[in-house]
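S.K.: A structural model of the following input is requested.
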Amino acid sequence: MLLIKTVLVLCSVTVALAAHAVVSGAIFKGVDTTDSSAKPIDIFKDAVNYATAAASILTFSASSVDFHPAEQEPKGLAPTLDEFVKKASSFPGFLSTSSSDVAVTFNGSFTQFEQVIRDQLDDALAARAFRDLIPGYIEDNSLTDWTLSLVVLSKPEASDVVTVGFSRVSLSILTDKTHTTYIPKQSTRLMRANYKLRDSFLTVNADNLANIMSIVKTRDFTDYFTSPKVFVSTGEDLIEHSSISCPKYQQSTPSWLD
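M.R.: As a prediction, the model looks like this:
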């Protein structure tokens with residue numbers, strides 16, 4: 001029941017998102033103890049490698065629904081953000097631990113925005129990451145409805161427990177005559193869902209998981225999920241000013257364990 005509730009919370013803005021622009025971000029917290037020489041099957045079998053296992057699962061989930069934040073413009077991410085959350089949330093190796101959907105009020109200050117997020121998430125690093133997602137310059141001033149989405153992957157030092165958090169806040173972001181952005185006073189909602197990696201599931205299914213997905217390092221995971229600061233439009237394609245080198249991922253995939 002908790003898993004179902006979590007998915008509904010995070011996807012409750014599906015209709016509204018159709019007209020939104022989305023900025024995505026990701027952070028890794030803690031210590032990645034992954035053995036650099038580990039074979040793919042060992043990434044999912046040995047707990048010491050679970051930060052990389054979670055990074056691989058999340059990237060696989062996103063790629064399978066064509067959610068490519070590092071390569072797509074904000075408007076292009078809106079249709080697939082919910083699909084990514086649904087895909088990742090349905091992974092049998094993720095155990096839902098908590099979810100929340102709370103009202104927040106912003107007074108127009110970037111500092112207050114960050115403090116409100118920090119108070120609600122009890123996470124200074126995530127709050128700063130959310131603030132950094134706010135675009136500083138928007139060329140198209142018709143884009144006023146935005147969703148800021150953050151994926152947090154955590155593995156505390158001296159622990160094999162790996163957790164994944166999905167958070168988002170939808171808000172109005174406006175621009176002045178110079179296209180510089182500002183946040184007007186407004187009330188909205190901050191949604192969050194947290195999961196814990198189930199080591200028993202990964203161990204039993206290690207061989208199958210290693211066969212269906214590419215291994216993604218935590219650094220490549222954060223690169224994959226982070227929207228670039230600037231895009232140059234060339235017709236339908238977008239080229240990022242500062243290129244990010246990421247592995248190639250399958251575009252279409254079977255169900256999780258088929």
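S.K.: Quick check: the gap between the residue nearest the centre of the chain and residue 194.
M.R.: Against the mean C-alpha coordinate of the chain, by Cα atoms, centre = their mean, the closest residue is residue 151 at 3.2 Å. From residue 151 across to residue 194, the span is 11 Å (Cβ to Cβ, to the nearest Å). (C-beta placed from N, C-alpha, C; glycine too.)
S.K.: Repeat that for residue 56.
M.R.: 19 Å.
S.K.: what's the answer for residue 104, then?
M.R.: 18 Å.
S.K.: Please say which of the two ends up with more neighbours.
M.R.: A direct count of neighbours by other Cβ atoms under 10 Å for residue 104 and residue 194 places residue 194 higher, at 19 against 16.
S.K.: To which secondary structure element is that one assigned?
M.R.: strand 186-197 (DSSP states H and E).
S.K.: C-alpha coordinates for the helix or strand just after that strand, PDB please?
M.R.: Sequence-wise, the next helix or strand downstream of strand 186-197 (DSSP H and E) is helix 199-204. Only the C-alpha atoms of helix 199-204 are listed here, as PDB (Å, rounded to 0.1, in the frame of the first residue of the first chain):
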ATOM      1  CA  ASP A 199      19.800  -6.300  -1.100                       C
ATOM      2  CA  SER A 200      18.000  -9.700  -1.000                       C
ATOM      3  CA  PHE A 201      16.200  -9.000  -4.300                       C
ATOM      4  CA  LEU A 202      19.400  -7.800  -6.000                       C
ATOM      5  CA  THR A 203      21.400 -10.800  -4.800                       C
ATOM      6  CA  VAL A 204      18.900 -13.300  -6.100                       C
END
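S.K.: sec struct for residue 97, please.
M.R.: strand (DSSP: H, G, I helix; E, B strand; the rest coil).
S.K.: how near is it to residue 115?
M.R.: 25 Å.
S.K.: Residue 163 now?
M.R.: Taking Cβ to Cβ, one finds residue 163 at 24 Å from residue 115.
S.K.: of the two, who's got more company?
M.R.: Comparing residue 163 with residue 115 by neighbour count (other Cβ under 10 Å), the higher total belongs to residue 163, at 19 against 15.
S.K.: if I read this right, the more buried one contacts residue 195, doesn't it?
M.R.: Yes. Using Cβ atoms under 8 Å, residue 163 is in contact with residue 195, at 6.6 Å.
S.K.: shared neighbours of the two, which are they?
M.R.: Counting by Cβ atoms under 8 Å, 6 or more residues apart in numbering, the contacts common to residue 163 and residue 195 are residue 97.
S.K.: can you list residues touching both of residue 151 and residue 194?
M.R.: 164, 165, 166.
S.K.: so what's the second one up against?
M.R.: Think residue 165. Residue 165 neighbours (Cβ under 8 Å, 6+ apart): 126, 150, 151, 152, 154, 192, 193, 194, 195.
S.K.: got it, and the last one?
M.R.: The neighbourhood of residue 166, defined by Cβ under 8 Å, 6+ apart, consists of 10, 85, 88, 89, 149, 150, 151, 192, 193, 194.
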